[in-house]
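Enquirer: model this:
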Amino acid sequence: MLYKFNDNIFKLEVPFAGIYTSVFFIKVEGGYVIVDTGTTASDVNNYIVSALGELGISTDGILGILLTHSHGDHAGGLSALASLCPNATVYGMRDSNASAGSNVYVGVSDCDIIAKYIRVVAIKGHDTDTCGYFDTRSKTLISGDSIQIHGIALWGCQVRHIDDYLASMKKLRGLDIENILVSHEYCPSGAYALGFDASQKYIEDSIAALETLVSFTQRLYNQGVTDVNEIQTQYVQLMKATYPEFPTKGFDTAIKAVILQKLN
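Expert: Down below sits the predicted model:
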């Protein structure tokens, strides 16, 4: 399904493993850029190409393909999409392992500007190559998977680098963000925050959510509970009392990171 957020930004929901992953279309001078690519070539052909038609955009009018990170549900369709968009430069963080095929690939860093209006925002923590793209006209941050709150159904909270994530969230506090558009439905706040106050709350909720998981893990570990699955089970049981829709798994990555941090 295709959604219009403003005159320049559109969101496409592409089905993925019982949930959806998002592709964004941003209007810039002379054409459009696309943020993320879906998971497969079929996603490109069945969803993205259709959305381009709905928007009245030709593939020749795609000037850039911007990757929030290189995970398969965001970059898996890159080769297929790039091959259809010969004028598109592919952008991703400098330490990304994405392949652009025959298209030009440009490694970007924090604060780089793309297509005049789009500023790169490095947001590490979910992984090392994660970033967002900030539309300076509407002050809208497209953050991919970089802001997790309590995670998503089936997948939980996928934070691999605890300190990096918390530092990234605290950096976002200082940015003049009016809107946040994320790639999945994160518990409990959903897939977007509209307005400055709502955006700040989304960021603060993400900090609080991870700090809760970290402190819970540390407390159980100090009590002698060292099995990751047991810590996860107890954490899910605790959180479901507040959030019935809370994910039932997927916290093991962050729990392992907390334990590893303590051991070091």
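Enquirer: top strand in the protein by residue count?
Expert: Longest strand in the chain by number of residues (criterion: DSSP state E): strand 19-28.
Enquirer: continuing past that strand, what's the next helix or strand?
Expert: Using DSSP states H and E, the helix or strand that follows strand 19-28 in sequence is strand 31-35.
Enquirer: which neighbouring elements make contact with that following strand?
Expert: Secondary-structure packing of strand 31-35 (3 or more Cβ pairs under 8 Å, 6 or more residues apart in numbering; DSSP states H and E): strand 19-28, strand 62-66. Every residue, glycine included, has its C-beta placed from N, CA and C.
Enquirer: just checking, residue 231 touches residue 219?
Expert: No: Residue 231 lies out of contact with residue 219 (Cβ atoms under 8 Å); the separation is 9.6 Å.
Enquirer: in terms of neighbours, single out the busier of the two.
Expert: residue 231 (24 against 11; other Cβ atoms under 10 Å).
Enquirer: what mean pLDDT does the helix or strand containing that one have?
Expert: Secondary structure assignment for residue 231, by DSSP H and E: helix 228-240. Helix 228-240 carries an average pLDDT of 97.
Enquirer: just the buried residues of that helix, please?
Expert: Neighbour counts using 16 or more other Cβ atoms under 10 Å place 228, 231-232, 235-236, 239 of helix 228-240 among the buried residues.
Enquirer: just stretch 182-202 next, same as before
Expert: 182-187, 189, 191-193, 198-200, 202.
Enquirer: closest to residue 117 out of the residues you listed?
Expert: Relative to residue 117, the closest of those is residue 199; by Cβ to Cβ it sits at 18.5 Å.
Enquirer: would you agree residue 176 falls within a strand?
Expert: No: under DSSP: H, G, I helix; E, B strand; the rest coil, residue 176 falls outside any strand and is assigned coil.
Enquirer: and it, how many neighbours?
Expert: Neighbour tally, residue 176, other Cβ under 10 Å: 9.
Enquirer: wait, what's in contact with it?
Expert: Residue 176 sits next to 139, 196 when contact means Cβ atoms under 8 Å, 6 or more residues apart in numbering.
Enquirer: one more time with 6 Å, if that's ok
Expert: residue 139 (Cβ atoms under 6 Å, 6 or more residues apart in numbering).
Enquirer: how close does the closest residue to residue 150 other than its chain neighbours get to residue 213?
Expert: Nearest residue to residue 150, sequence neighbours excluded (Cβ to Cβ, 6 or more residues apart in numbering): residue 187, at 4.2 Å. Residue 187 sits at a distance of 12 Å from residue 213 (criterion: Cβ to Cβ, to the nearest Å).
Enquirer: same question for residue 125.
Expert: Distance from residue 125 to residue 213, by Cβ to Cβ: 13 Å.
Enquirer: again, but for residue 164
Expert: Counting by Cβ to Cβ, the gap from residue 164 to residue 213 is 15 Å.
Enquirer: is it possible to get CSV of the helices and strands packed on strand 31-35 that adds mean neighbour count, mean pLDDT and distance to residue 248?
Expert: Formatted as CSV, the helices and strands packed on strand 31-35 follow (neighbours: other Cβ atoms under 10 Å; pLDDT from 0 to 100; distance: least, Cβ to Cβ, whole Å):
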stretch, mean neighbour count, mean pLDDT, distance to residue 248
strand 19-28, 22, 97, 14
strand 62-66, 24, 97, 32
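Enquirer: in TSV, list these along with distance to residue 54.
Expert: Converted to TSV, these look like this (distance: least, Cβ to Cβ, whole Å):
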stretch	distance to residue 54
strand 19-28	10
strand 62-66	14
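Enquirer: residue 18: neighbour count?
Expert: Neighbour tally, residue 18, other Cβ under 10 Å: 9.
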